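Colleague: Build me a model:
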Amino acid sequence: MNFPVIKGAAYNLFHTPEMLIHQGTTQTSERRSNPESEHLKALPTVLRGFDEVVEYPANQVYIGNMTPGELSEMAKPWYENQLKDASRDGKFGSIYSEDELLGLVKVSDIFDLVLLEDSFQKEVAKKIMANDKFAKIKNVASIEKDGASMEDINAAIEKHGEPLHFEGKVVGCIKRAHEFDQALTSHVMFENLVSKASSVATVMDLLDRLGMDPEDIDYIVECSEEACGDMNQRGGGNIAKAIGEACNLVKATGSDIRSFCAAPAHASVEAAALVQAGVYKNVLVVAGGSTAKLGMNSKSHIEKNVPVLEDVLGTFAFVISENDGVSPVIRTDVVGRHTIGSGSSPQAVMTAIVTDPLDRAGISLKDVDKFSPEMQNPEITKPAGAGDVPEANFKMIAALGVKRGDFARTEIMDVVKAKGMPGYAPTQGHIPSGVPFLGFAKEMIESGEIERAMIIGKGSLFLGRLTNLFDGVSYLVEKNSGVVGEETGFDKDEVRKMVAESMRNFAASLSLD
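Modeller: Numbers count the residues shown, from 1 in each chain. Reported below is the predicted structural model:
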C-alpha cells in the first residue's frame, strides 16, 4: 500500500514567566479566591530565568539538541544538572523569550486588539525582524510602526483589557473584542492570540527547515486545546486558517480538531487519510501553546522546593505528505482507537489503542521498537502526585506483553527501558501527547537505528462534563520500503500506460465491429 509519510517536524518553546503569574489558571483562580495568598507572593521570587530554561536538559531534548536516550542516562533531578552554555537553537526548533512572543502576538493581531508600549515595541521589533523566519510572516512590518502610550494602554485596561507584562512591568494589553460577548473577552482573546502566534512561529520554523514553499501546503489541521468563536458558536473555529493566513499558505484551507490531549493523534490520522486518499498532497498539523496550564502544578512545586518548571509554552508542527520513497510512512492500516464500548480501565484503554491494532496487522509488541504515549516530564508531575506518566504507560504495555506471552514477567523493566523513554515535554495536555517523538522517530528510522515507532494519544473527555469516557488513538510509523506506487506494485506512469493501451485496444475493437 502506498502510505503517506512524515516529511518533517518542528518543536518550539516559549519562556513565559509573566504569563504564568498573570494568566495561568492556577494563579488566576487563586487571585480571585485569595488575593493575598502566600503562593502568589512567593511565585515571582522563585521563577527561572531565560538561561536556566535554555540549559534545562528536558527542554534541550524537546528542541532536538539531545536525544531521549541521552536524557535517560543523565543524573536526576535534571534541574540540578543543567547543561551549561546550551544553545537556544536546536535541530527541531528554538527556545524564545517572552518579549519575542509578545511581539509575535502583536504581529498576529489583525483586529487592532493588541497594544504594546512604544519603546518596548521598538525593541522587540528589532528581534522579530532580525529573525529570517519571522520576517516572512504576513504583515510582519506592522511591528515596526509606532507603539502605544502608557496612557492609552492604561485606559484600555480600565475598559476590561488584559494586561501584558514583561520583567515585572506592564508593557501592553489586549482589548476585548466585543462589549458583552463572553467568548470575545480580552482574556479569551489573549489565550487565542498567544496560541495563534506561537503556532505561526513554529510553522514558519518548519517550512524553513524543510526548505518548503508555503504554497505547497494544501490543508491545515490545528489541534490545540483552545477554541475560537463568538457567543453564537463559542468553538466555531477556524484557528487553522488564521495560522495559514499569517504564514502565507495561500493555497491551503483547513480546520480545527479537538479531543483534549488526544487531538494530535486524531489530527495525524486525519491528515494521513486525506493524503492517502489523494485529496491533498501535503497536510500541515499544528498546535500552539496553552497559557491556561502555565504553572498548573506550581503550588506543589513550591511546597516541595522544586523549580516551577511549567514556565514554558510548547508548540509543534509537522507535515504529512505523499510517499517520497524515503521518509517514514504512517501505517494507516495500523490505527488504534478507543471506541465508546472499549471500557475505561487503564488495561482496557491500552489494549484498544496498542495491542488491538497490532494484532489486526499481525505485528507483535516485540516488533515495535519505540512507544511514545503521553510524554509529560516526570519532574513536573511527580511532585504534584501524578507519578511518572510515561513510565506508567510503558509498564502497562510491557504487562500486556507478559499477559500475551510476548515477554517474560522478569523482563518488564527491560522492556520499559528498551521501548520507552523519559518524558520531556511541557505538561500542556495536547503538547506531550505522543507527537513530540515524531522528529526523533523520523531520524532514528531513516538512520536504521529503529524500524517502527507507535505514537499514542490519550484524552480525558470527562473534563468537558458531557461524558465520562476516555479517548485514545494510536498509529504506527515505520521504515519506508522505498517503493512508491499503488498496492499492485505498478507506479503511476505504468498504470497510465496500461490504461492508455487498454483504451486503444478498446477503440480498435469498436472499429472492427
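
Colleague: how far out from the middle of the chain is stretch 458-465?
Modeller: With Cα atoms, centre = their mean, to the nearest Å as the basis, the distance from the averaged C-alpha position of stretch 458-465 to the chain average is 18 Å.

Colleague: Check stretch 16-23 too.
Modeller: From the chain centre to the centre of stretch 16-23 is a distance of 20 Å (Cα atoms, centre = their mean).

Colleague: what helix or strand is the residue nearest to residue 109 when sequence neighbours are not counted on?
Modeller: With Cβ to Cβ, 6 or more residues apart in numbering as the criterion, residue 109 has its nearest non-adjacent residue at 6.0 Å, and that residue is residue 193. Where C-beta positions appear, they are placed from N, C-alpha and C, glycine not excepted. Per DSSP states H and E, residue 193 falls inside helix 186-210.

Colleague: Given the next helix or strand after that helix, what are its sheet partners and their directions?
Modeller: Next helix or strand after helix 186-210 toward the C-terminus (DSSP H and E): strand 219-222. As defined by DSSP bridges, the strand partners of strand 219-222 come to strand 253-256 (parallel), strand 282-287 (parallel).

Colleague: rewinding a little: just the buried residues of the helix holding residue 193, please?
Modeller: Of all the residues in helix 186-210, those buried under the rule 16 or more other Cβ atoms under 10 Å are 186-207, 209-210.

Colleague: Three-state assignment for residue 474, please.
Modeller: Secondary structure assignment for residue 474 (DSSP: H, G, I helix; E, B strand; the rest coil): strand.

Colleague: just checking, it touches residue 456?
Modeller: Yes - with contact defined as Cβ atoms under 8 Å, residue 474 and residue 456 form a contacting pair (4.4 Å).

Colleague: tilt between the helix holding residue 193 and strand 282-287?
Modeller: 140 degrees (axes from the mean of the first three to the mean of the last three Cα atoms, to 10 degrees).

Colleague: And residue 40, how far from residue 21?
Modeller: Noted for residue 40: a distance of 8 Å to residue 21, by Cβ to Cβ, to the nearest Å.

Colleague: Of the two, which one has the most company?
Modeller: More neighbours surround residue 21 than the other of residue 40 and residue 21, with 22 against 14 (other Cβ atoms under 10 Å).

Colleague: measure the more buried one to residue 117 for me?
Modeller: Going from residue 21 to residue 117 by Cβ to Cβ gives 19 Å.

Colleague: sorry, back to before: any shared contact partners between residue 40 and residue 21?
Modeller: Residues touching both residue 40 and residue 21 (Cβ atoms under 8 Å, 6 or more residues apart in numbering): residue 27.

Colleague: which residue packs closest to residue 69, ignoring adjacent ones?
Modeller: Nearest to residue 69 is residue 421, by Cβ to Cβ, 6+ apart, at 6.9 Å.

Colleague: name the element that neighbour belongs to?
Modeller: Going by DSSP H and E, residue 421 is not in any helix or strand.

Colleague: just checking, it touches residue 370?
Modeller: Yes - assessed by Cβ under 8 Å, residue 421 is found in contact with residue 370 at 6.9 Å.

Colleague: got a list of what the residue nearest to residue 109 touches?
Modeller: 105, 108-109, 113-114, 174.

Colleague: tell me the average confidence for stretch 380-390?
Modeller: What stretch 380-390 shows for mean pLDDT is 96.

Colleague: That one: how far from the chain's middle?
Modeller: Using Cα atoms, centre = their mean, the offset of stretch 380-390 from its chain centre is 20 Å.

Colleague: Pull out the buried positions in that stretch.
Modeller: 380-384, 388-390.

Colleague: now swap in stretch 302-320 and tell me
Modeller: Buried positions in stretch 302-320, judged by neighbour count with 16+ other Cβ under 10 Å: 302, 306-320.

Colleague: Overlap of the contact sets of residue 474 and residue 456?
Modeller: With Cβ under 8 Å, 6+ apart, residue 474 and residue 456 have common neighbours 265, 336, 353-354, 434.

Colleague: If you rank the residues you listed by neighbours, which is first?
Modeller: The residue in the shared contacts of residue 474 and residue 456 with the most neighbours, by other Cβ under 10 Å, is residue 265 (30 neighbours).

Colleague: related to what we said a few turns ago, okay, and the common contacts of residue 421 and residue 370?
Modeller: Joint contacts of residue 421 and residue 370 (Cβ under 8 Å, 6+ apart) are residue 437.

Colleague: Can you show me the helices along the stretch 401-513 of the chain?
Modeller: Ranges of helices within the stretch 401-513 of the chain are 412-419, 438-447, 492-512, based on DSSP state H, counting those that start in this stretch.

Colleague: Nearest residue to residue 415 in space, ignoring adjacent ones along the chain?
Modeller: residue 398 (4.0 Å).

Colleague: Then residue 60?
Modeller: Nearest non-adjacent residue to residue 60, counting by Cβ to Cβ, 6+ apart: residue 66, 4.7 Å away.

Colleague: quick one, what contacts that neighbour?
Modeller: The contact partners of residue 66, taken as Cβ under 8 Å, 6+ apart, are 57, 60, 83.

Colleague: Retrieve the pLDDT associated with it.
Modeller: Looking at residue 66, its pLDDT stands at 98.

Colleague: Wasn't it part of a strand?
Modeller: No - counting by three-state DSSP, residue 66 is not found in a strand; it is coil.

Colleague: Would you mind measuring from it to residue 163?
Modeller: From residue 66 to residue 163 the distance is 36 Å (Cβ to Cβ).

Colleague: Likewise for residue 484?
Modeller: Relative to residue 163, and taking Cβ to Cβ, residue 484 is found at 54 Å.

Colleague: Could you check which of these two has the larger neighbour count?
Modeller: Comparing residue 484 with residue 163 by other Cβ under 10 Å, the one with more neighbours is residue 163, at 19 against 15.

Colleague: hmm, back to that, list just the nearest of the buried residues of stretch 380-390 to residue 346.
Modeller: residue 389 (11.5 Å; Cβ to Cβ).

Colleague: what's near enough to touch the closest one?
Modeller: Neighbouring residues of residue 389 by Cβ under 8 Å, 6+ apart: 373-374, 376, 378, 381, 423.

Colleague: cool, and residue 163?
Modeller: Contacts of residue 163 by Cβ under 8 Å, 6+ apart are 22, 157, 170, 172-173.

Colleague: which stretches of the protein aren't confidently modelled?
Modeller: 486-513 (pLDDT under 70).

Colleague: Tell me where it has strands.
Modeller: Ranges of strands in the chain, per DSSP state E, are 5-15, 95-96, 114-116, 162-166, 169-174, 219-222, 253-256, 282-287, 312-321, 329-337, 370-372, 452-460, 470-478.

Colleague: and the last one, how far out from the chain's middle?
Modeller: Remark: strand 470-478 is offset 15 Å from the chain centroid, using Cα atoms, centre = their mean.

Colleague: and that strand with strand 452-460, angle?
Modeller: Going by the same axes, to 10 degrees, strand 470-478 is angled at 170 degrees with respect to strand 452-460.

Colleague: now strand 470-478 against strand 329-337, angle please.
Modeller: Using the same axes, to 10 degrees: strand 470-478 against strand 329-337 is 160 degrees.

Colleague: quick one: residue 146 and residue 116 touch, right?
Modeller: No - under the criterion of Cβ under 8 Å, residue 146 makes no contact with residue 116, lying 10.2 Å away.

Colleague: Please say which of the two ends up with more neighbours.
Modeller: residue 116 (26 against 8).

Colleague: Look up which residues are beta-bridged to the more buried one.
Modeller: For residue 116, the beta-bridge partners under DSSP bridges are residue 172.

Colleague: right, and it touches residue 124 too?
Modeller: Yes - contact criterion Cβ under 8 Å: residue 116 and residue 124 qualify, at 7.3 Å.

Colleague: Which residues are in contact with each of those two?
Modeller: 102-103, 106.

Colleague: I'm done for today, thanks for sticking with me.
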